[in-house]
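Colleague: could you look at this predicted model? Sequence included:
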Amino acid sequence: MRMDHAAVKMKEVKTTKIFTFSHGRVSFQKTQNALISFEALEKVFQNHFRELTTAAQAPTPHASSMHIRSKSFQLWPEISDAKEKAKKRNWSDLKGFFFAVFSGVCSLLTAIIIKKMSLHPAQSALYRFIGSLAMVIPSTVKCKENPFGPKGLRLILLFAGLFGAGSLFSSLLAIGYLPIGEAFVIFATTPVFVTVAGHLFLKEFCDIFHAFLLIFSIIGIIFCSKLPSRMIAKDTSYSIDNLYGLLAALLSVSCRTGQMIFIRKAKQVPHIISTFACCWAGVMESSLLMPLFTEVKLHGCRMEWVGIIMVGFLGFLDQAFMSVAIHCEFVAIVSTTRCAVNIALSFLVQIFLFHDKIDYFSAIGAVLIAFSVVSLGLRKLLSSA
């Protein structure tokens, strides 16, 4: 019923709607032959507004008066929910970063164990994938999803697994032939290549700044390969191991880039399904490639079996953490964080654990690559701030 302010203040009606408040909403109640005035209606609103103001200014949000009107006025629960949502949002912003750090640490620990053991890298890769597959099967069953992924994404997951298996296989070969510091420095160029590939295939952001970083990374790889020393010194020569290690490291970077692109393209698939795809594809690929590099031999030492189990366990954590990180963050940020951790820790491991000397060319290459990786990470932090 609509009443004009210019009308008579007191008016008798046979059916009048009286305003009442219930659960935060205005409801209507019909009365017969009631008298209503604008002054009375104004008092009703003023009294209710005064009660709401008094309840909002109460020192304790859980006072008895607040419980009486908890259904019609929920100021404090809304504030509490907002704080909880803000905390969850802050954690979700950093979750990808932390999982990328954990993935980098696990990959470095795996490399240290393989370097210390007398296993061929091809056989170590097979053990790693078998252990990872055994650990991911229970989580895959618990996920109650198709282990091979949805129909439209199965081919993408297959390629992600093949590229991931190729990346690990070639990286273990590189670690076996090269010093661990130099191998991880070459692996650290992955973020720059991933950024360019993400722009080409996923339409992610990339500009001239990333092109300069790509050039710096390529120059760093040239220094790590000791090509300048070969050009300057006549008595400098490459060994077969160095050539194999360099080619394996470059192949690992290419395969890792492809794996991250495919995982990011299938980001709607649960991360445990992505991990399962990489593990079973790795077992198949390693089983086919291992006879080409070495003969299968059994191990009688208990410490070697402990090392094999640790390689499988750490490999599973590495793959799982990286899959979760890629689902939470851009591929460029994930690869940048992993490689920054590997660069910082691998040279410390090479100096203090393996007692290998670092020459000037490797140091210059490491500085150039580290500069590219750190610049890429800072660019992301500044753009997201």
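Modeller: Yep, it's here. Remember, predicted model here, so these are calculated numbers, not experimental data.
Colleague: which stretches of the stretch 251-385 of the chain have low pLDDT?
Modeller: 298-300, 331-332, 380-381, 384-385 (pLDDT under 70).
Colleague: all helices of it, in order?
Modeller: With DSSP state H, counting those that start in this stretch as the criterion, the stretch 251-385 of the chain has helices at 271-293, 302-328, 331-352, 360-384.
Colleague: which one of those helices is the most hemmed in?
Modeller: Among those, ranked by average contacts under mean count of other Cβ atoms under 10 Å, first place goes to helix 331-352 (a mean of 22). C-beta here means a position set from N, CA and C on the backbone, and glycine is covered the same way.
Colleague: using CSV, list the CA coordinates for that helix.
Modeller: The C-alpha coordinates for helix 331-352 follow below in CSV (Å, rounded to 0.1, in the frame of the first residue of the first chain):
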residue,chain,number,x,y,z
VAL,A,331,54.6,-22.4,-15.5
ALA,A,332,57.2,-19.6,-15.7
ILE,A,333,57.0,-18.9,-12.0
VAL,A,334,57.2,-22.6,-11.1
SER,A,335,60.2,-23.3,-13.3
THR,A,336,61.9,-20.1,-12.1
THR,A,337,61.5,-21.1,-8.4
ARG,A,338,62.7,-24.7,-8.9
CYS,A,339,65.8,-23.6,-10.9
ALA,A,340,66.7,-20.8,-8.4
VAL,A,341,66.7,-23.4,-5.6
ASN,A,342,68.8,-25.8,-7.7
ILE,A,343,71.3,-23.2,-8.7
ALA,A,344,71.8,-22.0,-5.1
LEU,A,345,72.1,-25.5,-3.6
SER,A,346,73.9,-27.4,-6.4
PHE,A,347,77.1,-25.4,-6.3
LEU,A,348,77.2,-25.7,-2.5
VAL,A,349,76.8,-29.5,-2.9
GLN,A,350,79.5,-29.6,-5.6
ILE,A,351,82.0,-27.7,-3.4
PHE,A,352,81.4,-29.1,0.0
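Colleague: could you give the angle of that helix to helix 302-328?
Modeller: Helix 331-352 runs at 150 degrees relative to helix 302-328, counting by axes from the mean of the first three to the mean of the last three Cα atoms, to 10 degrees.
Colleague: how far off helix 360-384 does helix 331-352 point, in degrees?
Modeller: Going by the same axes, to 10 degrees, helix 331-352 makes 150 degrees with helix 360-384.
Colleague: wait, which of the helices of the stretch 251-385 of the chain is closest to residue 257?
Modeller: In terms of Cβ to Cβ, the element of the helices of the stretch 251-385 of the chain nearest to residue 257 is helix 331-352, at 8.1 Å.
Colleague: starting at the chain centroid, how far to the closest one?
Modeller: What separates the centre of helix 331-352 from the centre of its chain is 16 Å, taken as Cα atoms, centre = their mean, to the nearest Å.
Colleague: report all helices and strands that it contacts.
Modeller: helix 75-116, helix 180-187, helix 190-201, helix 240-265, helix 302-328, helix 360-384 (3 or more Cβ pairs under 8 Å, 6 or more residues apart in numbering; DSSP states H and E).
Colleague: flag every buried residue along the third one.
Modeller: Within helix 190-201, the residues scored as buried using 16 or more other Cβ atoms under 10 Å are 190, 191, 192, 193, 194, 195, 196, 197, 198.
Colleague: report the angle between the axes of that helix and helix 240-265?
Modeller: If you take the same axes, to 10 degrees, helix 190-201 sits at 40 degrees to helix 240-265.
Colleague: which other residues reach helix 190-201?
Modeller: 204-206, 210-211, 213-214, 217, 253-254, 256-258, 260-261, 264-265, 330-332, 335-336, 338-339, 372-373, 376 (Cβ atoms under 8 Å, 6 or more residues apart in numbering).
Colleague: what residue is smack in the middle of this structure?
Modeller: residue 325 (1.2 Å; Cα atoms, centre = their mean).
Colleague: what sits against it?
Modeller: Residues in contact with residue 325 (Cβ under 8 Å, 6+ apart) are 95, 96, 97, 99, 100, 103, 334, 337.
Colleague: output stretch 109-129 as PDB, restricted to C-alpha atoms.
Modeller: The C-alpha trace of stretch 109-129 is given here as PDB (Å, rounded to 0.1, in the frame of the first residue of the first chain):
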ATOM      1  CA  LEU A 109      68.300 -34.800  -3.300                       C
ATOM      2  CA  THR A 110      67.500 -37.400  -5.900                       C
ATOM      3  CA  ALA A 111      70.500 -36.200  -8.000                       C
ATOM      4  CA  ILE A 112      72.800 -36.500  -4.900                       C
ATOM      5  CA  ILE A 113      71.800 -40.000  -4.200                       C
ATOM      6  CA  ILE A 114      72.200 -41.100  -7.800                       C
ATOM      7  CA  LYS A 115      75.600 -39.400  -8.000                       C
ATOM      8  CA  LYS A 116      76.800 -41.200  -4.800                       C
ATOM      9  CA  MET A 117      75.500 -44.600  -6.000                       C
ATOM     10  CA  SER A 118      77.200 -46.800  -8.500                       C
ATOM     11  CA  LEU A 119      74.100 -47.200 -10.600                       C
ATOM     12  CA  HIS A 120      73.800 -46.300 -14.300                       C
ATOM     13  CA  PRO A 121      71.600 -43.200 -14.800                       C
ATOM     14  CA  ALA A 122      69.300 -45.200 -17.100                       C
ATOM     15  CA  GLN A 123      68.700 -47.900 -14.400                       C
ATOM     16  CA  SER A 124      68.200 -45.200 -11.800                       C
ATOM     17  CA  ALA A 125      65.500 -43.600 -13.900                       C
ATOM     18  CA  LEU A 126      63.700 -46.900 -14.200                       C
ATOM     19  CA  TYR A 127      63.800 -47.400 -10.400                       C
ATOM     20  CA  ARG A 128      62.700 -43.900  -9.800                       C
ATOM     21  CA  PHE A 129      59.600 -44.300 -12.000                       C
END
